[in-house]
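# just a sequence and a predicted model for now, questions to come.
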Amino acid sequence: MNFKIDTKEKFKEITILESHLSANMTDELENLFKNLLEEPVNNVVLSMKPVIETDTLIAQKIASLQQLFYESGASFVVCEVQQPVEMMLDASGLLEIMNTTPTTSEAWDIVQMEEIERELLNDF
C-alpha cells in the first residue's frame with residue numbers, strides 16, 4: 001500500500017496514494033496505524049482523496065481503528081472521501097459512526113479542538 005506521512009505539530013496526516021483499497025491491504029493498514037498510536041504525536045488525519053473504490057473489509061478496519069484511537073485518547077479523522085467510497089460507507093452503515101470531513105482543513109480543526117478538549121479535561 002502506498003501512502004505519504006506528513007507530520008504536523010499536533011497530528012500526522014496520512015494520505016493514501018492508491019485508487020483502490022482492497023481487503024489484502026487490511027493488515028498493512030492496521031500495522032501502520034497501531035504503530036502511529038504508540039508515537040508521541042498520535043493524532044491522525046487520514047486523507048482518502050485518491051481512493052475511488054474500497055472493499056468493505058478494509059472500510060470496517062478503518063472504522064475500528066478510528067474507534068481504537070478515540071479509546072486511547074487520540075484523534076482520528078478521515079477526510080476527502082470521494083463520492084463512490086462515501087456511498088459504500090453509507091450503504092454499509094459505517095459513515096454514520098466514522099468521524100469524516102470534506103476537507104483536510106476541517107479535519108485539522110477537529111483534531112485541534114479535540115486536543116484542546118483533552119487538555120481541558122486533564123486539568124480537572
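All right, it came through fine.

# neighbours around Pro40, how many?
Residues contacting Pro40 under the criterion other C-beta atoms under 10 Å number 4. Every C-beta, even on glycine, is put in place using the N, C-alpha and C of the backbone.

# part of a strand, is it?
No - Pro40 is assigned coil when assessed by DSSP: H, G, I helix; E, B strand; the rest coil, not a strand.

# model confidence for it, exactly?
On pLDDT, Pro40 comes in at 89.

# how about Glu30?
93.

# OK, contacts around it?
Residues in contact with Glu30 (C-beta atoms under 8 Å, 6 or more residues apart in numbering) are Lys61, Leu65.

# how far away is it from Val111?
21 Å (C-beta to C-beta, to the nearest Å).

# against Glu80, how distant is the closest residue to Ile97 other than its chain neighbours?
Using C-beta to C-beta, 6 or more residues apart in numbering and skipping the chain neighbours, the partner closest in space to Ile97 is Ala63 (6.0 Å). Look at Ala63 and Glu80: by C-beta to C-beta, they are 17 Å apart.

# how far away from the center of its chain is the longest helix belonging to the chain?
Taking DSSP state H as the criterion, the chain has its longest helix at helix 104-123. Remark: helix 104-123 is offset 15 Å from the chain centroid, using C-alpha atoms, centre = their mean, to the nearest Å.

# in contact with Glu13, which residues?
Ile5, Asp6, Thr7, Val44, Val45, Ser47, Thr104, Trp108.

# am I right that it is in a helix?
No - Glu13 is assigned strand when assessed by three-state DSSP, not a helix.

# residues contacting the residue nearest to Ile97?
Contacts of Ala63 by C-beta under 8 Å, 6+ apart are Leu94, Ile97, Met98.

# could you find the closest non-adjacent residue to the last one?
In this case it means Met98. Ala63 (5.4 Å).

# and the one you found, what element?
According to DSSP states H and E, Ala63 maps onto helix 56-71.

# related to what we said a few turns ago, if you average pLDDT over the longest helix of the chain, what comes out?
91.
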